[in-house]
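Colleague: Quick one, structure for this:
(chains A and B)
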Protein chains: 2
Amino acid sequence: MTVKKKRTAFFISDGTGITAGSLGGLLSHFPETEFEQIRIPFTDSAVKIDDAQKRIVNAKLKDGVKPIVIMTIGDPSLSSDLKQVDAYYIDLFDVFIHPLAKELGEEALTRPGVSHSIQGANYGSRMEAINFALGHDDGMTHTGLNQAQVILVGVSRSGKTPTSIYLAMQFGIKTANYPLIPEDFERGTLPPILDGYLDKIFGLTIKSERLHSLRSERRPDSHYASLANCREEILKAETLMKRIGIPMADSTSRSVEELSTIIIQHMKN
Amino acid sequence: MTVKKKRTAFFISDGTGITAGSLGGLLSHFPETEFEQIRIPFTDSAVKIDDAQKRIVNAKLKDGVKPIVIMTIGDPSLSSDLKQVDAYYIDLFDVFIHPLAKELGEEALTRPGVSHSIQGANYGSRMEAINFALGHDDGMTHTGLNQAQVILVGVSRSGKTPTSIYLAMQFGIKTANYPLIPEDFERGTLPPILDGYLDKIFGLTIKSERLHSLRSERRPDSHYASLANCREEILKAETLMKRIGIPMADSTSRSVEELSTIIIQHMKN
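Modeller: Below you'll find the model as predicted:
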């Protein structure tokens, strides 16, 4: 086993730094390097630039190698001040915003915090969708289901709740979720309340070993968590969903980001 | 009022497209242009490239101007195939990953879906934090509070729930939230269950007009939603928090991204 090289990656912004920080995902393209990711938000004054510089200098001393700095600072003077200390800079104004301004023939706004303000695209609908998802988690209410844009079904602990929350938080999609339980399998149909919503329903399934492990965390040594019961519930749930023609995705090795993307893509078709 | 120019912005990826799509936030630097943002995920085959090209061509016909294409496609041959149609391309491999590979002295992984896999940094802890936040919403349980990293307090509808969920989903921070209610104001102290957790507590406050409007959506024409009652509750909550020395942020004109960033920054100090 080789020891990973260490690097500090800073995400420095005059706003939240969340846009810059989201590029941190791209650092996983470099598995030989172990990145310490540090977000420095609200860097919008000379004092704060000074503080950020000190942290860059210290990181270089600690790692013995130049830190990576991914930055979005709209004020050109603060931005160039920051770059006085030695680091590898990727300035999203240079690689993204200024070139785009040229292409669009429009001057870019440079005031701080433009990206994640409350006025941003569909902020209100995202908040509304979160309230909806929380209010319609785990089949807790039947009212308002007609407003749902997506209804997730699956056995207990198949990933319905975090996926619902992600769809709502990230995309503003009103998502309800319903557990499939032994009564449904006996009856051989979906919960009757879901009649008429077939086009919004998406199923999550999971491998039995993984479900056994997840359920054991919650209720160790129970019938509920036993591998035999997990196997049986999953088999029955998959059989039911296939028979009715519900699209399905396996959550075993997929993140909520991947599951949500699959669900959105399916719902569009 | 000027009519906004229309442009289509595509986010095309061989993975979820969520990293590329997060740069969509930067488009708000161009308020004179109205962007239709379209994410095309899982673009990892010749057939899918072909389909994406058709959508680019159609968007150009519709808008009468080149679409913007922000892309992360690891396979160099698919990537260059895509670029055969006329558009303004920002390739995150060109502006970000390849230059970084040079700086790091490490070849970049190019297989699809590297960024948002379940193996990604702290995925497990993010899922755990979501379960924690849901289980500790609105003071619903007192157990496990010692595991909380942040405890939000504030009057009903001051933004505690969505902020808790965002802190958990985005950053893997275990966040509980407790409402401040008239009984607390009468007693003049925080809920006694929170004794001993002062260093984790952060207060949310809100302008009375905004609170009145939010509460009116939920219970119109109630005492709860009346402007007079909102004013009184907010005044009492702020007085209580100030007296105890709880840090506070006003949620009236701040997004959950901004509130979460402020809270994280404060908790570090």
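
Colleague: Now for A:Thr143, how many residues are close by?
Modeller: 8 (other CB atoms under 10 Å in any protein chain shown). C-betas here are computed from N, CA, C, even on glycine.

Colleague: Quick check: the nearest residue to A:Gly159 once chain neighbours are set aside vs A:Ile18, distance?
Modeller: The shortest distance from A:Gly159 to any non-neighbouring residue, by CB to CB, 6 or more residues apart in numbering or on different chains, is to A:Ser251 (3.7 Å). Remark: distance between A:Ser251 and A:Ile18 (CB to CB, to the nearest Å) = 26 Å.

Colleague: quick one on the thing from earlier: quick check: the residue nearest to A:Gly159 vs A:Val95, distance?
Modeller: For A:Ser251 relative to A:Val95 (CB to CB), the value is 35 Å.

Colleague: Which residue of those two possesses the greater neighbour count?
Modeller: A:Ser251 (25 against 17).

Colleague: Correct me if wrong: that one contacts A:Glu257.
Modeller: No: with contact defined as CB atoms under 8 Å, A:Ser251 does not count as touching A:Glu257 (11.9 Å).

Colleague: can you map out the strands along the stretch 101-250 of chain A?
Modeller: A:150-154, A:175-179, A:201-205, A:248-250 (DSSP state E, counting those that start in this stretch).

Colleague: Save those strands as CSV, and put in mean pLDDT and distance to chain B too.
Modeller: Listed next are the strands of the stretch 101-250 of chain A as CSV, based on pLDDT from 0 to 100; distance: least, CB to the nearest CB, whole Å:
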stretch, mean pLDDT, distance to chain B
strand A:150-154, 98, 15
strand A:175-179, 97, 12
strand A:201-205, 98, 14
strand A:248-250, 98, 12
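
Colleague: between those strands, which gets nearest to B:Met71?
Modeller: Among the strands of the stretch 101-250 of chain A, the nearest to B:Met71 by CB to CB is strand A:248-250 (24.5 Å).

Colleague: From the contact counts, what lies against the closest one?
Modeller: strand A:201-205, helix A:227-244, helix A:256-268 (3 or more CB pairs under 8 Å, 6 or more residues apart in numbering or on different chains; DSSP states H and E).

Colleague: That one pairs with which strands?
Modeller: strand A:201-205 (parallel) (DSSP bridges).

Colleague: tell me the angle the strand it pairs with makes with strand A:150-154.
Modeller: Angle of strand A:201-205 versus strand A:150-154, following axes from the mean of the first three to the mean of the last three CA atoms, to 10 degrees, is 30 degrees.

Colleague: which residues are in contact with strand A:201-205?
Modeller: A:150-155, A:158-160, A:163, A:190, A:194, A:234, A:237-238, A:241, A:246-251, A:259, A:263, A:266-267 (CB atoms under 8 Å, 6 or more residues apart in numbering or on different chains).

Colleague: how about the CA coordinates for it, as PDB?
Modeller: The C-alpha trace of strand A:201-205 is given here as PDB (Å, rounded to 0.1, in the frame of the first residue of the first chain):
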ATOM      1  CA  ILE A 201     -44.400   5.900  -8.400                       C
ATOM      2  CA  PHE A 202     -40.700   4.700  -8.400                       C
ATOM      3  CA  GLY A 203     -39.400   1.700  -6.500                       C
ATOM      4  CA  LEU A 204     -36.200   1.400  -4.500                       C
ATOM      5  CA  THR A 205     -34.800  -2.000  -3.900                       C
END
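
Colleague: what distance separates that strand from the centre of its chain?
Modeller: On the basis of CA atoms, centre = their mean, to the nearest Å, strand A:201-205 sits 19 Å off its chain's mean C-alpha point.

Colleague: Quick check: buried residues in that strand?
Modeller: A:Ile201, A:Phe202, A:Gly203, A:Leu204, A:Thr205 (16 or more other CB atoms under 10 Å in any protein chain shown).

Colleague: near chain B, which residues of the stretch 151-269 of chain A?
Modeller: A:161-162, A:165-166, A:169-170, A:253-258, A:260-261, A:265 (CB under 8 Å from any CB of the partner chain).

Colleague: of all these, which two lie farthest apart?
Modeller: Between all members of those, the farthest pair (by CB to CB) comes out as A:Met169 and A:Ser253, at 22.2 Å.

Colleague: More neighbours: which of the two?
Modeller: Set side by side, A:Met169 and A:Ser253 show more neighbours around A:Met169, with 24 against 12, by other CB under 10 Å.

Colleague: in terms of contact, does that one touch A:Met127 like I think?
Modeller: No: contact criterion CB under 8 Å: A:Met169 and A:Met127 do not qualify, at 9.1 Å.

Colleague: Give the intersection of the neighbour lists for the two.
Modeller: By CB under 8 Å, 6+ apart, the residues touching both A:Met169 and A:Met127 are B:Pro162.

Colleague: Low-confidence ranges, the stretch 1-150 of chain A, go.
Modeller: For the stretch 1-150 of chain A, applying pLDDT under 70 flags the ranges A:1-2, A:118-121.

Colleague: That one: helices as residue ranges?
Modeller: Counting by DSSP state H, counting those that start in this stretch, the segments of the stretch 1-150 of chain A that form helices are A:18-22, A:46-63, A:76-82, A:92, A:98-104, A:123-135.

Colleague: now, of those helices, which is deepest in the fold?
Modeller: helix A:18-22 (a mean of 24; mean count of other CB atoms under 10 Å in any protein chain shown).

Colleague: Do it and chain B come into contact?
Modeller: Yes: contact of helix A:18-22 with chain B (CB under 8 Å from any CB) involves A:Ile18, A:Thr19, A:Ser22.

Colleague: for that helix, packing partners?
Modeller: strand A:5-13, strand A:33-40, strand A:68-72, helix B:18-22.

Colleague: hey, which of these is tucked in deepest?
Modeller: It is strand A:68-72: most buried of the helices and strands packed on helix A:18-22 by mean count of other CB under 10 Å, with a mean of 26.

Colleague: Next, the angle from that strand to strand A:5-13.
Modeller: Going by the same axes, to 10 degrees, strand A:68-72 makes 10 degrees with strand A:5-13.

Colleague: How about residues contacting strand A:68-72?
Modeller: So strand A:68-72 is in contact with A:7-15, A:17, A:19-21, A:23-24, A:35, A:56, A:79, A:82, A:87-93, A:97, A:115, B:26, B:100, B:103, going by CB under 8 Å, 6+ apart.

Colleague: List the neighbouring strands of it plus their orientation.
Modeller: Assessed with DSSP bridges, strand A:68-72 is paired to strand A:5-13 (parallel), strand A:88-91 (parallel).

Colleague: got CSV for those strands, with distance to A:Asn146 too?
Modeller: Shown next, in CSV, are the strands paired with strand A:68-72 (distance: least, CB to CB, whole Å):
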stretch, distance to A:Asn146
strand A:5-13, 41
strand A:88-91, 47
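
Colleague: Go through those and name the closest to B:Lys174.
Modeller: Short answer: strand A:5-13, nearest of the strands paired with strand A:68-72 by CB to CB, at 22.4 Å.

Colleague: Alpha carbons of that closest one, as PDB, please.
Modeller: Only the C-alpha atoms of strand A:5-13 are listed here, as PDB (Å, rounded to 0.1, in the frame of the first residue of the first chain):
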ATOM      1  CA  LYS A   5       0.400  12.500  -0.800                       C
ATOM      2  CA  LYS A   6      -1.200  15.200   1.200                       C
ATOM      3  CA  ARG A   7      -2.500  18.500  -0.200                       C
ATOM      4  CA  THR A   8      -4.700  21.200   1.200                       C
ATOM      5  CA  ALA A   9      -7.400  22.400  -1.100                       C
ATOM      6  CA  PHE A  10      -9.000  25.800  -0.200                       C
ATOM      7  CA  PHE A  11     -12.300  27.000  -1.500                       C
ATOM      8  CA  ILE A  12     -12.300  30.700  -1.000                       C
ATOM      9  CA  SER A  13     -15.300  32.900  -1.800                       C
END
